[in-house]
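S.K.: Sequence and predicted structure below; questions after.
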Amino acid sequence: MFDLVTKYKRVIQVFLGLIAITFATWGIESYTTFRSSRDTVATVNGMEISQREFAEELRKQQDQLRRMFGGGIDPALLDSPESRRAVLEGLIGQRLLAREAARAHMMMSREAVIDAITNAPEFQEDGKFSTAKYSAYLASRGISDQGNVAELQSQIPLARFVGSISETAIAPRSVAARLAALEAQKREVSEVRISEQQFLPQVLIDDAQVKAHYDANQADYRTPERVRAEYIVLSAETLARQDPPTEAEIKAAYEARASQFRVEEQRRASHILVKTKEEAEKILQDLKKTPGRFAELAKKHSQDPGSAEKGGDLGWFGRGMMVKPFEDTAFKLGQNEMQVVESEFGFHVIRLTGIQAAKARSYDEVRKELAEELARQKGQRRFAEAAETFNNLVYEQSDSLKAAAERFKLQTQQTGWIAKSARQELGALDNPKLLAALFSSDSIKNRRNTDAVEVAPNTLVAARVVEHQPAAQRDFAEMKGEIAEQLRRREASALALKDGTTKLDKLRKGEDAGVQWGPTRLVSRREAQGLPTNMLRQVVSADTSKLPAYVGIPIPNGGYSLLRITKVIEEPAKEGDPQTAARAAQLYGAAQYEAFVESLRARADVEVNPKNLERK
């Protein structure tokens, strides 16, 4: 797509972004080093996955989910047996791929990586490699130059290997057309819900049932071992706030980087991308007669869907951001002038829509940005200097956090009651190693500080137990009412399920089930119209060769949902839609990649240690 052409000359940036892919956790050494099996979660052809590696990957994925969903996600979902197993399977797949990449001799020399780094645009200043920029990048990741080079030596070949598998898949046109038709298809649906509430009056639970359930499930009615703790956090961010840059420092930085704040000439253009010169020339002639139709013709004719939807607008760009023929033309045109130009993507009808002269950003414009950068750099330097002292203080003066807190001007924070297997947001304490240290006998019996634990880059946390409660059985009298209500709802839900499945069976036989259907709505794979994902999946996959068609789905919190499909509307698919073709190719590529990993898994010697996989 042509709106991606702005990155065309910055391909080298791609390798820097590879640190974000899943494989970034490992270097070459971690694929070949054999560790003690005491903390092994799994072995893959003799290569071990340790609890430390597993815990770190699990934490990273949990952090990613929290960023995506904020407070709207149940913490329990982030560390369920299913999610832990999924993380482990991902690590196993990565081990298998790393071995195959090594077998294929996909290597990158240290010299090649260093050359790529020194030529990367991110680290350039005045056309030369900037040690300051590169150092700031390393500090932001909490990694050394040697560690970064070693990471990239393994990451780049591994990413290329993954691409060589998934990007070679070719989706037939018929598949893309079928995909477009399925996505566009709409189904008319009405629903009725059978609630567990209507069956509650029918359910009677006696004391004997409650007691029997309590006796059979006593483990479910225990108060877990828990502690209240206090803790301190040493981070680069905290240290940065304690020592903000002075006005003189900010001004000095501005003067030293004056050229960095120069904004070169920017241009804005719209384009219509077509396949032939004849078509482009015809469009240009039409536009000369009616210039106001540019957006209309772009939406109708342009082969670049990204910009076509915006009337051909490509936004502002500078030199070096477009392919050369397009750039040369755009920077020669005057305001609102149009011209046809050929590039490797096809023929473009270009109209220049804006010109911004080169200018220098003033001190006031960049002051805040510079202040934040200098503060971050100061904080990272101070953290590097303070980390060892912080570690020593919490270890040597283990009966209190006071000395470390006073030395680094840190606030001592308190927790409520937390359990080792807590399903709750724990903030800075949400780290497996730190929780394990808090619940160790040394912390509980001797009330000693935990070691300083790195819970995130440039962030150390030390904690100590303030109060401890051992696990205890909750009394039956205390639990009696709660258990009775739980059993009533369970029985009512079972009755709702039975009633729903009976009615579904009658409906499918063409019998009257006495159902009062709700209003109809048109749903599709793209437009759920408020229908939950699990219900939508059932509706769009239902057999509609005979209408009306019926599906039934248990409701997670109790009850049953009946859905009736009364009409199927086929929408004409857009012929040769490049976006649909790209999605089809993506699906084929993902399937090909998964099949390849599965084939490796089938031939591999994989052993999993279930005990070490469980949450500690």
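M.R.: Great, that's in hand. Source: prediction; values computed, not measured.
S.K.: from here on, contacts and neighbour counts on C-alpha atoms
M.R.: Noted.
S.K.: Pop out the phi and psi values for Ser524.
M.R.: Phi and psi for Ser524, reported as degrees, to the nearest 10, are phi -150, psi 170.
S.K.: what does the one 10 residues further on give?
M.R.: Reported as degrees, to the nearest 10, the phi and psi values for Asn534 are phi -70, psi -30.
S.K.: Can you show me the helices along the stretch 1-150 of the chain?
M.R.: 13-17, 29-32, 51-69, 81-103, 110-119, 131-141, 145-166 (DSSP state H, counting those that start in this stretch).
S.K.: now the angle between helix 81-103 and the third one, please.
M.R.: Put simply, helix 51-69 runs at 110 degrees to helix 81-103, going by axes from the mean of the first three to the mean of the last three Cα atoms, to 10 degrees.
S.K.: State the distance from Arg319 to Asp499.
M.R.: According to Cα to Cα, to the nearest Å, Arg319 stands 69 Å off from Asp499.
S.K.: who's in contact with the spatially most central residue of the chain?
M.R.: By Cα atoms, centre = their mean, the chain has its centre lying nearest to Gln64, at 4.9 Å. By Cα atoms under 8 Å, 6 or more residues apart in numbering, the contact set of Gln64 is empty.
S.K.: from what I can see Ser307 touches Lys300, true?
M.R.: No: taking contacts as Cα atoms under 8 Å, Ser307 lies outside contact range of Lys300: 11.6 Å.
S.K.: more neighbours, the two?
M.R.: Ser307 (24 against 13; other Cα atoms under 10 Å).
S.K.: Without its sequence neighbours, what residue ends up closest to the more buried one?
M.R.: Sequence neighbours aside, Asp313 is the residue nearest to Ser307 in space, at 5.7 Å (criterion: Cα to Cα, 6 or more residues apart in numbering).
S.K.: For the chain, name the helix or strand with the lowest mean pLDDT.
M.R.: Least confident element among the helices and strands of the chain, by mean pLDDT, DSSP states H and E: helix 29-32 (a mean of 30).
S.K.: low-scoring stretches of this protein, by residue?
M.R.: The model of the chain has pLDDT under 70 over residues 1-38, 65-79, 104-106, 140-142, 164-179, 421-425, 572-586, 588, 615-616.
S.K.: Give me the buried positions along stretch 457-477.
M.R.: Buried residues in stretch 457-477, counted by 16 or more other Cα atoms under 10 Å: 458-466, 468.
S.K.: Mind putting those residues into JSON lines with secondary structure and distance to Pro245?
M.R.: Output for the buried residues of stretch 457-477, formatted as JSON lines (DSSP: H, G, I helix; E, B strand; the rest coil; distance: Cα to Cα, whole Å):
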{"residue": "Asn458", "secondary structure": "coil", "distance to Pro245": "19"}
{"residue": "Thr459", "secondary structure": "strand", "distance to Pro245": "21"}
{"residue": "Leu460", "secondary structure": "strand", "distance to Pro245": "23"}
{"residue": "Val461", "secondary structure": "strand", "distance to Pro245": "25"}
{"residue": "Ala462", "secondary structure": "strand", "distance to Pro245": "28"}
{"residue": "Ala463", "secondary structure": "strand", "distance to Pro245": "31"}
{"residue": "Arg464", "secondary structure": "strand", "distance to Pro245": "34"}
{"residue": "Val465", "secondary structure": "strand", "distance to Pro245": "37"}
{"residue": "Val466", "secondary structure": "strand", "distance to Pro245": "37"}
{"residue": "His468", "secondary structure": "strand", "distance to Pro245": "43"}
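S.K.: Check which helices and strands the strand or helix carrying Leu287 sits against.
M.R.: With elements taken from DSSP states H and E, the one containing Leu287 is helix 277-289. Helix 277-289 sits against strand 338-343, strand 346-356, with contacts defined as 3 or more Cα pairs under 8 Å, 6 or more residues apart in numbering; DSSP states H and E.
S.K.: Please identify the most buried of those.
M.R.: Comparing the helices and strands packed on helix 277-289 by mean neighbour count (mean count of other Cα atoms under 10 Å), strand 346-356 ranks first with a mean of 21.
S.K.: Contacts for the next helix or strand after that strand next, please.
M.R.: Going down the chain from strand 346-356, the next helix or strand is strand 359-360, by DSSP H and E. Residues from elsewhere that reach strand 359-360 (Cα under 8 Å, 6+ apart): 261-265.
S.K.: Keep only those of these that are in strands.
M.R.: Counting by DSSP state E, the contacts of strand 359-360 place 262-263 in strands.
S.K.: so which of the contacts of strand 359-360 comes closest to Val233?
M.R.: Closest approach to Val233 among the contacts of strand 359-360 (Cα to Cα): Phe261, at 35.6 Å.
S.K.: What number of residues are in the vicinity of the closest one?
M.R.: Neighbour number of Phe261 under other Cα under 10 Å is 16.
S.K.: Ok, the one 3 residues further on next?
M.R.: When neighbours are defined as other Cα under 10 Å, Glu264 has 14 of them.
S.K.: can I assume it is in contact with Arg361?
M.R.: No: assessed by Cα under 8 Å, Glu264 is found out of contact with Arg361, at 10.5 Å.
S.K.: Please tell me how far the residue nearest to Ala462 when sequence neighbours are not counted sits from Phe390.
M.R.: Distances taken as Cα to Cα, 6+ apart place Ala452 nearest to Ala462, at 4.5 Å, with adjacent residues excluded. Remark: distance between Ala452 and Phe390 (Cα to Cα) = 8 Å.
S.K.: Could you point out which of the helices of the stretch 1-150 of the chain sits nearest Gln218?
M.R.: helix 81-103 (21.4 Å).
S.K.: If you count contacts, what does that closest one end up packed against?
M.R.: helix 29-32, strand 40-44, helix 51-69, helix 145-166, helix 578-603.
S.K.: Just the CA trace of that helix, in PDB.
M.R.: Backbone C-alpha positions of helix 81-103 (Å, rounded to 0.1, in the frame of the first residue of the first chain) are rendered in PDB as follows:
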ATOM      1  CA  PRO A  81      -3.600 -22.900  34.300                       C
ATOM      2  CA  GLU A  82      -4.700 -22.400  30.600                       C
ATOM      3  CA  SER A  83      -2.700 -19.200  30.200                       C
ATOM      4  CA  ARG A  84       0.400 -20.700  31.900                       C
ATOM      5  CA  ARG A  85       0.200 -23.700  29.500                       C
ATOM      6  CA  ALA A  86      -0.200 -21.400  26.500                       C
ATOM      7  CA  VAL A  87       2.900 -19.400  27.500                       C
ATOM      8  CA  LEU A  88       4.900 -22.600  27.900                       C
ATOM      9  CA  GLU A  89       3.800 -23.900  24.500                       C
ATOM     10  CA  GLY A  90       5.000 -20.600  23.000                       C
ATOM     11  CA  LEU A  91       8.400 -21.100  24.600                       C
ATOM     12  CA  ILE A  92       8.600 -24.600  23.400                       C
ATOM     13  CA  GLY A  93       7.800 -23.500  19.900                       C
ATOM     14  CA  GLN A  94      10.500 -20.800  20.100                       C
ATOM     15  CA  ARG A  95      13.100 -23.400  21.200                       C
ATOM     16  CA  LEU A  96      12.200 -25.600  18.200                       C
ATOM     17  CA  LEU A  97      12.400 -22.700  15.800                       C
ATOM     18  CA  ALA A  98      15.800 -21.600  17.200                       C
ATOM     19  CA  ARG A  99      17.200 -25.000  16.600                       C
ATOM     20  CA  GLU A 100      15.900 -25.100  13.000                       C
ATOM     21  CA  ALA A 101      17.400 -21.700  12.300                       C
ATOM     22  CA  ALA A 102      20.700 -22.800  13.600                       C
ATOM     23  CA  ARG A 103      20.500 -25.900  11.400                       C
END
